[in-house]
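Asker: coords please:
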Amino acid sequence: MLLIVSAFLVFQSVKTEKPRPASVAPVVVNDELALFDKAKKAAGEGDLVRAKALYQGIVEKFPGSGKIASAQEALEDINVKLLFSNIPTADSETYVVQKGDTLNKIARNIGTTPEMIARSNGLTGSAIRAGQSLKVCKAKFSIVVDKSQNILTLRSGQDIVKTYRVSTGKNSCTPVGAFKIINKIVDPPWYKEPGVVIAASDPKNVLGSRWLGISKPSYGIHGTIQPESIGQSVTEGCVRMKNSEVEELYDIVPEGTEVVITE
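Answerer: Numbering: from 1, shown residues only. Purely as a prediction, here's the structure:
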């Protein structure tokens, strides 16, 4: 009788045991969607620091996700918004304006641009006053141009700030190597050939709204009058960007910024 009762109890234990889940994948997906919803909500509420952390979490935790491209794009958009906002970040500090300071002087001493200082502090002109507190960016930016993909990547240290689709030289004529930005020009004239100068206002000027010259004579990063060509290898050797994007890049990177061009 004891053996029969024991066998019955074992049978009941096996019969009533709850089945184990076959996979945890649904939980992972739900976590990802929840994180994505939180990130979008934070961005919509203007909490850019939290939104950045959440999107960064998606990129790091779910690299094979179908939403990774959207998360990366949102993250890069927030990166730029933070740069141009007065929100303190890990790579910014508060600078108190001294007597005799100008935006150009402050930017030069800190290693940023006057445009960045103006935009991140909501300045509509160049006027500043002694004692005024300004957010200034101390990030060390660099640029990498990948000719094989026609992608320009803006970095801060080892972190990607933003990627841009660009055009590079036909027949791979864009020079490869490590260079620096040596000059920056708003509405640049185009020196088409010796003795021929095309004014910025001329619709035939192919340089667009900005020029960032590099330490390879006659080469640089510039805008375009042919935005439909972006993403193709069609230039005479320069790196071509959409005007709105080269204007953004112009405001971020100072002279002296490293530019690495790879095959």
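
Asker: give me the buried positions along the helix ranked longest in the chain.
Answerer: When the chain is parsed with DSSP state H, its longest helix is helix 25-44. Counting neighbours by 16 or more other Cβ atoms under 10 Å, one finds that the buried residues in helix 25-44 are 32, 35-36, 38-40, 42-43. Where you see a C-beta, it was placed from the backbone N, CA and C, and this is true even at glycine.

Asker: could I get these as CSV with distance to Thr262?
Answerer: Putting the buried residues of helix 25-44 into CSV (distance: Cβ to Cβ, whole Å) gives the following:
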residue, distance to Thr262
Glu32, 33
Leu35, 33
Phe36, 32
Lys38, 36
Ala39, 32
Lys40, 34
Ala42, 35
Ala43, 32
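
Asker: sorry, back to before: buried residues, whatever helix or strand comes next after the longest helix of the chain. List them.
Answerer: Note on helix 25-44: by DSSP states H and E, the next helix or strand toward the C-terminus is helix 48-61. Neighbour-count burial for helix 48-61, with 16+ other Cβ under 10 Å as criterion, is recorded at 48, 51-52, 54-59.

Asker: which residues of the stretch 1-150 of the chain score low on pLDDT?
Answerer: Within the stretch 1-150 of the chain, the stretches with pLDDT under 70 are 1-30.

Asker: which residue packs closest to Ser229, ignoring adjacent ones?
Answerer: Among residues not flanking Ser229 along the chain, Ser167 sits closest, at 5.3 Å (Cβ to Cβ, 6 or more residues apart in numbering).

Asker: could you measure from that neighbour over to Ile252?
Answerer: 20 Å (Cβ to Cβ, to the nearest Å).
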